[in-house]
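Enquirer: fold the following.
(2 chains)
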2 protein chains.
Amino acid sequence: MTDDVKPPPPRSRRLPRAVRERQILDAAVEVFSRHGYHSASMDEISDVAGVSKPMIYSYLGAKEDLFAKCIRREATRLLEAVREGVRSELPPDMQLWYGLRAFYRFVAEYRDSWTVLHRQALTVGGQFAGEINLLRSKAIDMVAALVVTAGTKKGLGQIAEFSGPALAVSLVGAAESLADWWLDHSDVSDGVLASWLMNLVWLGFNDLIEGEVWQPS
Amino acid sequence: MTDDVKPPPPRSRRLPRAVRERQILDAAVEVFSRHGYHSASMDEISDVAGVSKPMIYSYLGAKEDLFAKCIRREATRLLEAVREGVRSELPPDMQLWYGLRAFYRFVAEYRDSWTVLHRQALTVGGQFAGEINLLRSKAIDMVAALVVTAGTKKGLGQIAEFSGPALAVSLVGAAESLADWWLDHSDVSDGVLASWLMNLVWLGFNDLIEGEVWQPS
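Expert: Okay, here's the model as predicted:
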């Protein structure tokens, strides 16, 4: 093959739209994670993605739409990662363990995603609160279902139905809070993190369904 | 006393500045809680406070300053309420119990304060994140100190020093998350809320310092 018949390098505008959209969203997550919603610029997203601004607007819309799409994609990814991690044939504590491991592995691997979902989306609030609340409520439902299953196995279905949602809300809050702390303490492994939470929360919950109750002395 | 010598009703501009500032902040917390930072209007704050807008600007500054002052005042109030609730002569679990009770009583009594501190401040983010993080880190320090005290009593000071901050972060995250849930489920009493958390978290922690450890099976 000689130089004069060598095909031209594929030009970036030849890429299929789906690939382009992924490039843009990847770049947007990176830039939003770094600067936050308000300070992030479409120019930087365009530079990082290697996609022109007009093409970004045409494919995914303005900054607000782009941010909403980032949140939706990352929330879906996170939930899928956790769902895949949970092995539903195992006992409830092992399901929670694998769910937490999957959650922290996701946070470690897609640190920008978590930053956008947790820190940046919260600081924008209002218009994106719906997306974030949907993610949280799905996570809470997953945990509440585990609590009810575990409680029912011990013949405490009614108590578990009553307190399950609140316990799940507490557990999800604890897991999020710890993930946020982890962003600034990344020397701790994801396994240690998950086992802190299991020890803190599951042992307590286990006592509860074994009938051991803490009461003020 | 006849009508013609009756003193005029005290005119509102005669009130001392400190009283005025309190009126303005009370009104601002109410309005920010109802509408959020962005949608709240200085006109409504002025109406609710019964204080003219120019006086609000002169005493407490523009909307941004006013919001920052609301956060600072409510954060200080909340921390003081919890500190007063904790009785440092009691064992660590009872200290945590009273701290949680005080926290949830504060949320119940000053629902607008909590809404501004938790929901509204987060949705504004950026410029107020410092105030909110300061509040959280003070709460976390209080809980971490309890964990270390409890651990040290059991001869597990080193483990408690290592894991204490992360356990405290988890616990504060769980308590906040449950308080947020409570805003939409206010039929549950503050005592039930605090005891859910004690059972979930303290029993787990207690197992841990008794040397019982959860491990994947």
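
Enquirer: please see if the helix or strand hosting A:R105 touches chain B.
Expert: Element membership for A:R105, per DSSP states H and E: helix A:92-109. Yes - counting by Cβ under 8 Å from any Cβ of the partner chain, contacts between helix A:92-109 and chain B involve A:93-94, A:97. Placement of C-beta: from N, CA and C, glycine included.

Enquirer: which ChimeraX command selects the buried ones in these?
Expert: ChimeraX command restricting those to the buried ones, with burial defined by 16 or more other Cβ atoms under 10 Å in any protein chain shown:
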select /A:93,97
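
Enquirer: picking up where we left off before, mind listing what's buried in the helix holding A:R105?
Expert: Of the residues in helix A:92-109, A:92-93, A:95-107 count as buried by neighbour count, 16+ other Cβ under 10 Å.

Enquirer: also stretch A:46-64?
Expert: Residues of stretch A:46-64 classed as buried: A:46, A:48-49, A:51, A:55-56, A:59-60, A:63 (neighbour count, 16+ other Cβ under 10 Å).

Enquirer: A:E89: neighbour count?
Expert: For A:E89, the neighbour count with other Cβ atoms under 10 Å in any protein chain shown is 6.

Enquirer: an error on my part: the question was meant for A:D184.
Expert: A:D184, neighbours per other Cβ under 10 Å, totals 6.

Enquirer: look at it and report its pLDDT.
Expert: Looking at A:D184, its pLDDT is 88.

Enquirer: which element is the residue most central in space within chain A on?
Expert: The residue lying closest to the centre of chain A (Cα atoms, centre = their mean) is A:L78, at 3.7 Å. Following DSSP H and E, one finds A:L78 within helix A:63-85.

Enquirer: that helix to helix A:92-109, inter-axis angle?
Expert: Following axes from the mean of the first three to the mean of the last three Cα atoms, to 10 degrees, one obtains 140 degrees for the angle between helix A:63-85 and helix A:92-109.

Enquirer: gap between helix A:63-85 and the chain center?
Expert: Relative to the centre of its chain, helix A:63-85 is centred 7 Å away, using Cα atoms, centre = their mean, to the nearest Å.

Enquirer: ok, stretch A:145-157 next?
Expert: In terms of Cα atoms, centre = their mean, the gap separating the centre of stretch A:145-157 from the centre of its chain is 26 Å.

Enquirer: again, but for stretch A:174-190
Expert: Distance of stretch A:174-190 from the chain centroid (Cα atoms, centre = their mean) equals 13 Å.

Enquirer: try stretch A:115-124
Expert: Between the centre of stretch A:115-124 and the centre of its chain there are 11 Å (Cα atoms, centre = their mean).

Enquirer: now the helices for chain A?
Expert: A:17-39, A:42-49, A:53-60, A:63-85, A:92-109, A:111-114, A:121-124, A:129-153, A:157-183, A:190-197, A:203-209 (DSSP state H).

Enquirer: just checking, what packs against the second one?
Expert: Counting contacts by 3 or more Cβ pairs under 8 Å, 6 or more residues apart in numbering or on different chains; DSSP states H and E, helix A:42-49 is packed against helix A:17-39, helix A:53-60, helix A:63-85.

Enquirer: how about the longest one?
Expert: With contacts defined as 3+ Cβ pairs under 8 Å, 6+ apart, the packing partners of helix A:157-183 are helix A:92-109, helix A:111-114, helix A:129-153, helix A:190-197, helix B:157-183, helix B:190-197.

Enquirer: what do you get if the cut-off is 6 Å, keeping everything else the same?
Expert: helix A:129-153, helix B:157-183 (3 or more Cβ pairs under 6 Å, 6 or more residues apart in numbering or on different chains; DSSP states H and E).

Enquirer: take the ones you listed and write them to a markdown table, including mean neighbour count and distance to B:I71.
Expert: Below are these laid out as a markdown table (neighbours: other Cβ atoms under 10 Å in any protein chain shown; distance: least, Cβ to Cβ, whole Å):
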| stretch | mean neighbour count | distance to B:I71 |
| --- | --- | --- |
| helix A:129-153 | 18 | 19 |
| helix B:157-183 | 22 | 15 |
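
Enquirer: how about these, which one is nearest B:P16?
Expert: Proximity to B:P16 (Cβ to Cβ) singles out helix B:157-183 among those, at 34.4 Å.

Enquirer: what is the orientation angle of the closest one with helix B:92-109?
Expert: 20 degrees.

Enquirer: starting at the chain centroid, how far to helix B:157-183?
Expert: The chain centre lies 15 Å from the centre of helix B:157-183; the measure is Cα atoms, centre = their mean.

Enquirer: quick one on the thing from earlier: compute the inter-axis angle for the helix holding A:R105 and helix A:190-197.
Expert: Going by the same axes, to 10 degrees, helix A:92-109 makes 140 degrees with helix A:190-197.

Enquirer: can you give me the offset of helix A:92-109 from its chain's centre?
Expert: Centre to centre, stretch against its chain (Cα atoms, centre = their mean), the figure for helix A:92-109 is 11 Å.

Enquirer: what comes into contact with that helix?
Expert: For helix A:92-109, contacts defined as Cβ atoms under 6 Å, 6 or more residues apart in numbering or on different chains pick out A:78, A:81-82, A:85-87, A:114, A:146, A:149-150, A:179, A:190, A:193-194, A:197-198, A:202, B:216.

Enquirer: now that helix: mean pLDDT?
Expert: In the prediction, helix A:92-109 has an average pLDDT of 90.

Enquirer: worst mean pLDDT across the helices and strands of chain A, which element?
Expert: Taking mean pLDDT, DSSP states H and E as the measure, chain A has helix A:203-209 as its least confident helix or strand, at a mean of 59.

Enquirer: ok, back up a step: list buried residues within the contacts of helix A:92-109.
Expert: Listed as buried from the contacts of helix A:92-109 are A:78, A:81-82, A:85-86, A:114, A:146, A:149-150, A:179, A:190, A:193-194, A:197-198, A:202; burial here means 16+ other Cβ under 10 Å.

Enquirer: of all those, which comes closest to B:L135?
Expert: A:A179 (19.5 Å).

Enquirer: who's in contact with that closest one?
Expert: A:A179 sits next to A:V107 when contact means Cβ under 6 Å, 6+ apart.
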